[in-house]
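Asker: Requesting a structural model of the entry that follows:
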Amino acid sequence: MNLILIAIDACRGDHLHCNGYPRETSPCIDQLAAEGSTFTDVTPAWPYTAISYTSMITGWYPFNHKMIANPHGVHNANDFLLDETIWSIAQVALDAGYRTASFDSLLSFWSHSKQFVRGYQHLFNPTTDSKGVSKSQLPAEAYIGEITHWLERFKDEKFFMFVHYWDTHQPFVPPERFKRWTGTEGWKLRTAADGVEVYEGVGPKAKAEEPKNLETINGYDGEVLHADHYVGEIVKCLKAQGIYDDTAIIVTADHGELMVEGPVDSVKFCMTGTWHPTMNIPLVVRVPGIDAKVKTSKALMHHVDIAPTLCDVLGLEWPDVLDGESVLPIMRGEKDKLRDAVIGMGTYGHVPQRFIKTADHKFMVNLRPEPYAEQLERLMKTGWRILWPDPPKVELTDRKTDPEERKNLAEERPDLAKKMAQLLDEELKAKMRGPDPFRPEMRERIWMGESLWN
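Answerer: Okay, the predicted model is just below:
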């Protein structure tokens, strides 16, 4: 069995048609879902790129692999690089005799995170600038020719391939043929828990219909369609080479993207904060030979489940502990869930956040440094513009009645907030191996601008 892991940067799970989005943004991925399973409640490790990809390839939570900042624009950020003793999926596949290839530009981050090249015999990095970052985030067109050429060359060998498409990352300017939407066509309108009219998966109606915002959101959906097309081109090549029925395909993302759902007007079209828009990603798994009895699962999933799933698909033994579990038993109908609660973390601006969610509720803690005002003043001296309000210390939301997470129930339901806080502490203690990486000196580095966005 071959395996291709496709990650579409900043792709929201709830903007795929197979996950219920009314626009037909993902016909090729939809077909993979029809042949396998799609998981609609998947939590990324962090709302930033490097941290989430590290969890994706290692099967470890950020507090265990210790990469808790995203230093894509920081030179010599050696204390934010992955420990050399922690295994990655490419290394495990290589040692098992698989030919390994990566089509990805993460190495072009100024921090040159080596974990993203470990274990790969072949690396295609489509950068056009040895020092820049933005010129490494090229569209799928820059990749597809090399991908198809590689597949043609190594079709007779068993392989593991990683493909990283950037199309759904800012800026959202798709090629003309993917500019399918110009207005609000297809969007579903509902009244949110706080009484505001919202478009599902987009945000408040009034904000979404502002001309510039509308253009940007439609551009994002066009970029989802853009990336989806080039997922389809990989499928087309596999079929042409006669290896489609011998190749498993997994499609996911590193994090989501805020549309206009932010707490204030200035917080939009970014990936900050651990709210639903940034912390919900796709996971579509298609494995030949597996009768997927469950086509759509709402089970609580996490980035750490991807590496165990890859091992399960390929029949590999991981040489160390893993934090997650394979999703294949859910696909087969042998289990209906992997866990009762899932934990997540990230930052809002430069305020560290942690949360836990169950099928019914989500509880989030903002670990802002104190005193907050003094930290803001110091940060502004480094050149940052602070446009975001001080977040509440805790947030409690009802996931069934308030999927947009607009109504904080922490004061209204203190007993439930306390129960969720205890559950968060218990889960962290149970899963954290070693000291808490959010120790004071690390918080300071994050706070002073070294957790740069991507």
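
Asker: how about L409, secondary structure?
Answerer: Secondary structure state of L409, per DSSP: H, G, I helix; E, B strand; the rest coil, is coil.

Asker: Spatially nearest residue to it, not counting backbone neighbours?
Answerer: Once flanking residues are discounted, L409 sits nearest to L396: 4.5 Å by C-beta to C-beta, 6 or more residues apart in numbering. Glycine gets a C-beta too; all of them are placed from N, C-alpha and C.

Asker: average pLDDT across the helix or strand the one you found falls within?
Answerer: Under the criterion of DSSP states H and E, L396 resides in strand 394-398. Averaged across strand 394-398, pLDDT comes to 94.

Asker: Identify the neighbouring strands of that strand in the sheet and state each direction.
Answerer: Sheet pairing for strand 394-398, assigned by DSSP bridges, gives strand 361-366 (antiparallel).

Asker: Mind checking the pLDDT average for the strand it pairs with?
Answerer: So the average pLDDT for strand 361-366 ends up being 93.

Asker: Okay, now the unreliable bits of the protein?
Answerer: For the chain, applying pLDDT under 70 flags the ranges 69-80, 110-112, 128-135, 263-268, 349-350, 368-391, 438-454.

Asker: domains for it, by residue range?
Answerer: Residue ranges for the domains of the chain, per automatic domain parsing: 2-339, 344-450.

Asker: Just put those in JSON lines and tack on mean neighbour count.
Answerer: Converted to JSON lines, the domains of the chain look like this (neighbours: other C-beta atoms under 10 Å):
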{"stretch": "domain 2-339", "mean neighbour count": "20"}
{"stretch": "domain 344-450", "mean neighbour count": "16"}
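
Asker: How far does stretch 315-323 sit from its chain's centre?
Answerer: Chain-centre distance of stretch 315-323: 22 Å, with C-alpha atoms, centre = their mean, to the nearest Å.

Asker: So what would you say the end-to-end distance of it is?
Answerer: Terminal residues of stretch 315-323 are spaced 18 Å apart (C-alpha to C-alpha, to the nearest Å).

Asker: Equivalent analysis for stretch 17-34, please.
Answerer: End-to-end distance for stretch 17-34: 12 Å, by C-alpha to C-alpha.

Asker: Now do it: everything it contacts.
Answerer: For stretch 17-34, the external contacting residues (C-beta atoms under 8 Å, 6 or more residues apart in numbering) are 13-16, 38, 40, 180-181, 185-188, 201, 221, 224-225, 228-229, 231-232, 235, 249, 251, 282, 284, 286, 295-296.

Asker: In contact with V285, which residues?
Answerer: By C-beta under 8 Å, 6+ apart, the contact set of V285 is 36-39, 248-250, 309, 327-328, 331.

Asker: Confirm for me that D323 is in contact with F63.
Answerer: No - between D323 and F63 there is no contact under C-beta atoms under 8 Å: 9.7 Å.

Asker: Show me whatever sits in contact with both of these two.
Answerer: When contacts are counted by C-beta under 8 Å, 6+ apart, D323 and F63 are jointly contacted by K431.

Asker: any idea where the helices of this protein begin and end?
Answerer: Along the chain, counting by DSSP state H, helices occupy 27-35, 49-58, 62-65, 89-95, 141-153, 205-208, 211-240, 306-314, 328-331, 372-381, 414-431, 440-445.

Asker: so which of the ones you listed comes closest to I4?
Answerer: helix 211-240 (6.7 Å; C-beta to C-beta).

Asker: That closest one to helix 27-35, inter-axis angle?
Answerer: With axes from the mean of the first three to the mean of the last three C-alpha atoms, to 10 degrees applied, the angle from helix 211-240 to helix 27-35 works out at 60 degrees.

Asker: Run through the neighbouring helices and strands of helix 211-240.
Answerer: On a contact count with 3 or more C-beta pairs under 8 Å, 6 or more residues apart in numbering; DSSP states H and E, helix 211-240 meets strand 2-8, helix 27-35, helix 141-153, strand 159-165, helix 205-208, strand 247-252.

Asker: Please repeat the previous calculation with a cut-off of 10 Å.
Answerer: With contacts taken as 3 or more C-beta pairs under 10 Å, 6 or more residues apart in numbering; DSSP states H and E, helix 211-240 sits against strand 2-8, helix 27-35, helix 141-153, strand 159-165, strand 203-204, helix 205-208, strand 247-252, strand 281-286.

Asker: Any chance of those in JSON lines with distance to K335 as columns?
Answerer: Output for the helices and strands packed on helix 211-240, formatted as JSON lines (distance: least, C-beta to C-beta, whole Å):
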{"stretch": "strand 2-8", "distance to K335": "21"}
{"stretch": "helix 27-35", "distance to K335": "19"}
{"stretch": "helix 141-153", "distance to K335": "33"}
{"stretch": "strand 159-165", "distance to K335": "25"}
{"stretch": "strand 203-204", "distance to K335": "34"}
{"stretch": "helix 205-208", "distance to K335": "38"}
{"stretch": "strand 247-252", "distance to K335": "18"}
{"stretch": "strand 281-286", "distance to K335": "14"}
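
Asker: where exactly do the strands run in the stretch 51-200 of the chain?
Answerer: 99-103, 122-124, 159-165, 189-191, 197-199 (DSSP state E, counting those that start in this stretch).

Asker: any chance of those strands in a markdown table, with distance to Y348 too?
Answerer: Below are those laid out as a markdown table (distance: least, C-beta to C-beta, whole Å):
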| stretch | distance to Y348 |
| --- | --- |
| strand 99-103 | 31 |
| strand 122-124 | 34 |
| strand 159-165 | 26 |
| strand 189-191 | 25 |
| strand 197-199 | 20 |
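
Asker: Nearest to G346, out of these?
Answerer: Ranking the strands of the stretch 51-200 of the chain by proximity to G346 (C-beta to C-beta) places strand 159-165 first, at 20.1 Å.

Asker: ok and the closest one relative to strand 247-252, angle-wise?
Answerer: Per the same axes, to 10 degrees, the angle that strand 159-165 makes with strand 247-252 is 30 degrees.

Asker: Off-centre distance for strand 159-165?
Answerer: 16 Å.

Asker: what is the orientation angle of it with strand 2-8?
Answerer: Counting by the same axes, to 10 degrees, strand 159-165 lies at 10 degrees to strand 2-8.

Asker: Number the residues from 525 up from this point.
Answerer: All right, first residue 525 from here; so that's strand 683-689.

Asker: for the helices and strands packed on helix 735-764, which one sits closest to P938?
Answerer: Among the helices and strands packed on helix 735-764, the nearest to P938 by C-beta to C-beta is strand 727-728 (28.2 Å).

Asker: Show me what that closest one is packed against.
Answerer: Counting contacts by 3+ C-beta pairs under 10 Å, 6+ apart, strand 727-728 packs against helix 735-764.

Asker: ok, back up a step: to L606, which of the helices and strands packed on helix 735-764 lies closest?
Answerer: That would be, of the helices and strands packed on helix 735-764 and by C-beta to C-beta, strand 683-689, which comes in at 15.6 Å.
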